[in-house]
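[1] What follows is a predicted protein model with its sequence.
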Amino acid sequence: MEFILFVFDRIASAPSMTAPMANMVIAMTDIDSRATPDAALAAVGIAAATARNVKVFNLYIVVLIVTAFVVAYFTWLVWDAGNKVQDAVQSDADARILEARNKAATLETDLNTEKIKLLELQKDVANAQAAQQRVEIDLAKQREIAANAERSLLELRERIKPRKLTDEQSAEFVTALKTFPETALKLGYTAGGGDEAFNLLKQLMSLFKEARWKIPIETSQIVNHLEVQVIGVGLLMPGPEGFDPSKPSQPEFIRLTPAETALQAAFKKAGIELQFLRWYPNTDKTPELVIGSKPNP
């Protein structure tokens with residue numbers, strides 16, 4: 001732009017330079033009319049050179065004007081192209097900014113959607129954990145019920161399991177009784193004990209016989225008691241004259257004979273507690289071993 005202003009300044013100053021040169025030519029012509037022929041010839045040469053200079057100068061001015069217009073035109077073209085580039089850059093930037101904003105809005109929408117999904121997942125996880133806790137509680141209850149049922153079943157099996165001495169217990173039972181052979185002993189069982197008590201008594205009969213104790217030979221000689229209730233195994237010991245076990249009586253200390261002590265030890269080796277009970281007196285003072293119902297485990 002400074003160059004264009006410079007060109008236009010030169011163009012504007014051209015007429016003021018042309019006028020002095022024309023006046024100079026006129027003045028030299030007047031002088032030449034009064035001069036000698038040589039001087040006149042010189043003046044003609046000067047006039048021709050001046051005229052040529054004027055023509056060249058005018059041509060220069062024309063070229064300068066044309067150049068100024070060309071420069072101005074191309075300058076405008078450059079300015080217009082620059083503006084178009086700036087507009088294009090600005091449009092591209094605006095488009096990119098708009099696209100970025102759209103993407104940001106989309107991402108924000110997606111983020112909100114994912115947050116909602118995350119909240120739903122967290123809710124589902126919380127519900128699942130709560131359900132799992134309920135299941136674990138129910139499972140624990142069921143396990144407890146199953147354990148109680150199993151324990152009850154074991155207790156029932158143990159309760160209904162017939163009492164029976166093992167081979168080892170039988171051998172120890174006989175060994176404990178052999179120290180007092182020919183000891184008399186009556187045998188019986190309670191109605192409450194049923195067949196289980198009777199079968200245990202039959203096993204004990206063989207052991208008593210092996211230890212050479214005096215017991216009933218036939219099972220028909222065994223008493224089935226309906227009037228007495230014994231839990232486990234009891235030894236009915238004849239009371240003093242006039243004793244009635246159906247009537248309340250004061251607790252007393254029962255002194256055991258060596259044979260009765262041996263009998264107690266034999267049952268202890270078999271894992272059975274022997275109870276000692278006062279009973280109706282009899283003439284021979286012989287105690288009676290009674291097998292009652294099986295005690296609870």
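    Happy to help now that I have it.
[2] host element of Met237?
    strand 233-238 (DSSP states H and E).
[3] Now do the SS call for Glu252.
    coil (DSSP: H, G, I helix; E, B strand; the rest coil).
[4] Could I get the contacting residues of it?
    When contacts are counted by C-beta atoms under 8 Å, 6 or more residues apart in numbering, Glu252 touches Arg278. All C-beta spots, glycine's among them, are computed from the backbone N, C-alpha and C.
[5] how about a cut-off of 10 Å?
    When contacts are counted by C-beta atoms under 10 Å, 6 or more residues apart in numbering, Glu252 touches 239, 278.
[6] Now do it against Pro240, distance only.
    Distance from Glu252 to Pro240, counting by C-beta to C-beta, to the nearest Å: 10 Å.
[7] tell me, what residue is most central in this protein?
    Computing the C-alpha centroid of the chain and ranking residues by C-alpha atoms, centre = their mean puts Gln129 first, at 8.2 Å.
[8] Tally up the residues packed near Phe243, please.
    By other C-beta atoms under 10 Å, 13 other residues sit near Phe243.
[9] So it lies in a helix, does it not?
    No - under three-state DSSP, Phe243 sits outside any helix and is assigned coil.
[10] ok, for it, nearest residue in space, not its chain neighbours?
    Using C-beta to C-beta, 6 or more residues apart in numbering and skipping the chain neighbours, the partner closest in space to Phe243 is Pro281 (5.7 Å).
[11] Equivalent analysis for Gly193, please.
    Ser293 (4.6 Å).
[12] Could you list the domains of the protein?
    In terms of domains, the chain is parsed into 1-161, 167-291 (source: automatic domain parsing).
[13] hey, least reliable of those by pLDDT?
    When the domains of the chain are compared on average pLDDT, domain 1-161 comes out lowest at a mean of 79.
[14] residues touching the residue sitting furthest away from the middle of the chain, list them.
    The C-alpha centroid of the chain is most remote from Thr36, which lies 129.3 Å away (C-alpha atoms, centre = their mean). Going by C-beta under 10 Å, 6+ apart, Thr36 touches Ala42.
[15] one more time with 6 Å
    Contacts for Thr36 (C-beta atoms under 6 Å, 6 or more residues apart in numbering) come out as none.
[16] Please enumerate the strands of the protein.
    Assigned by DSSP state E, the chain shows strands spanning 186-190, 223-225, 233-238, 274-279, 288-291.
[17] now, of these, which is deepest in the fold?
    strand 288-291 (a mean of 24; mean count of other C-beta atoms under 10 Å).
[18] what's the offset of it from the middle of its chain?
    The gap between where strand 288-291 is centred and where its chain is centred comes out at 65 Å by C-alpha atoms, centre = their mean, to the nearest Å.
[19] And for stretch 66-74?
    Here stretch 66-74 is found 82 Å from its chain centre; the criterion is C-alpha atoms, centre = their mean.
[20] Stretch 244-254 now?
    That offset, for stretch 244-254, works out to 69 Å (C-alpha atoms, centre = their mean).
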